[in-house]
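A.B. asks: the sequence isn't on hand, but the structure is:
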């Protein structure tokens, strides 16, 4: 069972590596969106410092969503999704592995480059670890929730837009907690509360999302 | 080993088939025939559990496949319409991944050699027929899997590859496995029982 999960993760990472351009697009999107705000708003340091967590988190949200529609669609198109459904291990495990691979490719890098983006916003140095940690905890939740939406909209015409309408509202708690943790830390109250809640959200979605993804996939493949 | 009881399939408000019952024993080859759109693929998808029939049920060793799920998946190989190979991976990588997901170790090299496919070329660079061959290599390594469900295994194949598939199916039946396949062509049908679907 674990073997199959590792196999799926390795397969998806290998595919991402062979199509590096697609991965780079999502990351560049994140970089560009997060960089547009200082250019548009002007260089008022206090204002920039105040909006930094929110802007970086929204950019991360959008960038993580950008690659969602491909998560199952490519496998659906070439028939490999049917083979995943007919695999020897439970579909929930496979679904979790797909979401994990999506996170490694499109969530983890965001957490790693966010501290550099924070420099543009003159974010105090002691806040960047909080920002990175909030993204580390929050982006896997985005991948897991997003995968449910991707599975539900599989094979639907105009699925991309429907997917964002479906998934973005579900991202709201993650956004509030993620950006909130940095805000609280900036106010000197410590962001631990929000980070713990984010961690709880992560644990809960790890427990439930894979089965929701699996069920959604079964429905979509009928 | 496989039993279909009173299957009914309705797609887009059109009844494709109704009260379709048959059973399959070891060593049997069953061909599903019928015109385009008569429900051959739907029937195969029902038999492998991807599609739920509108009525009736499929039983594997007298247990409904819906209850068996992965346990049943381990007993079948399903090759669908699409070749189920990733364009960016090589034929060998594709086959190894397919085998690991199916739960057994792969011997990709020999299987691909038998079908005359270069193991280390990305599938994207192969022709349509070669892709089909890369997909069919799955059968060579699935000798121990009792039931094969093949959707148009002969499509886009040259005579040489057709002969290989014929041999594979015959050998599988001879060792006590069962095969259900769809095709319009008459190839390989001689030894098989035929179910004709009329839409």
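C.D. replies: It's in. This structure is a prediction, so every number in the text was calculated from the model and none was measured. Numbers count the residues shown, from 1 in each chain, chains lettered A, B, ... in the order given.

A.B. asks: and the longest helix anywhere in chain B, what does it pack against?
C.D. replies: Secondary structure of chain B per DSSP state H: the longest helix is helix B:159-174. Applying 3 or more Cβ pairs under 8 Å, 6 or more residues apart in numbering or on different chains; DSSP states H and E, we find helix B:159-174 packed against helix B:128-140, strand B:178-182. Every C-beta, even on glycine, is put in place using the N, C-alpha and C of the backbone.

A.B. asks: tell me which parts of chain A are close to chain B?
C.D. replies: Proximity of chain A to chain B, by Cβ under 8 Å from any Cβ of the partner chain, involves residues A:3-4, A:7-8, A:11, A:14-15, A:18-19, A:77-80, A:82-90, A:94, A:221-222.

A.B. asks: coming back round to it: average pLDDT for the longest helix of chain B?
C.D. replies: Averaged across helix B:159-174, pLDDT comes to 90.

A.B. asks: next one: stretch A:125-138
C.D. replies: Mean predicted lDDT for stretch A:125-138 stands at 94.

A.B. asks: okay, now the unreliable bits of chain B?
C.D. replies: By pLDDT under 70, the weakly predicted segments of chain B are B:186-191, B:199.

A.B. asks: quick check: residues of it near chain A?
C.D. replies: Counting by Cβ under 8 Å from any Cβ, chain B sits next to chain A at B:48-52, B:69-70, B:73-74, B:76, B:78, B:80-89, B:93, B:97-98, B:100-103, B:122.

A.B. asks: looking at those residues, which are in helices?
C.D. replies: Per DSSP H, those map to helices at B:48, B:70, B:73, B:93, B:97-98, B:100-102.

A.B. asks: not counting residues beside it along the chain, what's closest to residue B:106?
C.D. replies: Excluding the flanking residues, the one nearest residue B:106 by Cβ to Cβ, 6 or more residues apart in numbering or on different chains is residue B:99, at 3.4 Å.

A.B. asks: oh, that last question was meant for residue B:55, not what I typed.
C.D. replies: Here the residue nearest residue B:55, using Cβ to Cβ, 6+ apart, is residue B:8, at 3.9 Å.

A.B. asks: and the residue nearest the centre of chain B, bridged to which residues?
C.D. replies: Nearest to the mean C-alpha position of chain B, by Cα atoms, centre = their mean, lies residue B:150 at 2.0 Å. Applying DSSP bridges to residue B:150 gives these bridge partners: residue B:79, residue B:181.

A.B. asks: now for the residue nearest to residue B:55, how many residues are close by?
C.D. replies: Neighbourhood size, residue B:8 [other Cβ atoms under 10 Å in any protein chain shown]: 15.

A.B. asks: quick check: longest helix of chain A.
C.D. replies: Chain A, longest helix under DSSP H: helix A:192-221.

A.B. asks: for it, name the packing helices and strands.
C.D. replies: Helices and strands touching helix A:192-221, by 3+ Cβ pairs under 8 Å, 6+ apart, are helix A:80-85, helix A:91-106, helix A:128-152, helix A:159-186.

A.B. asks: wait, doesn't the residue nearest to residue B:106 sit right on residue B:105?
C.D. replies: Yes - if you go by Cβ atoms under 8 Å, residue B:99 and residue B:105 touch, sitting 6.7 Å apart.

A.B. asks: okay, those two: which has more neighbours?
C.D. replies: More neighbours surround residue B:99 than the other of residue B:99 and residue B:105, with 19 against 9 (other Cβ under 10 Å).
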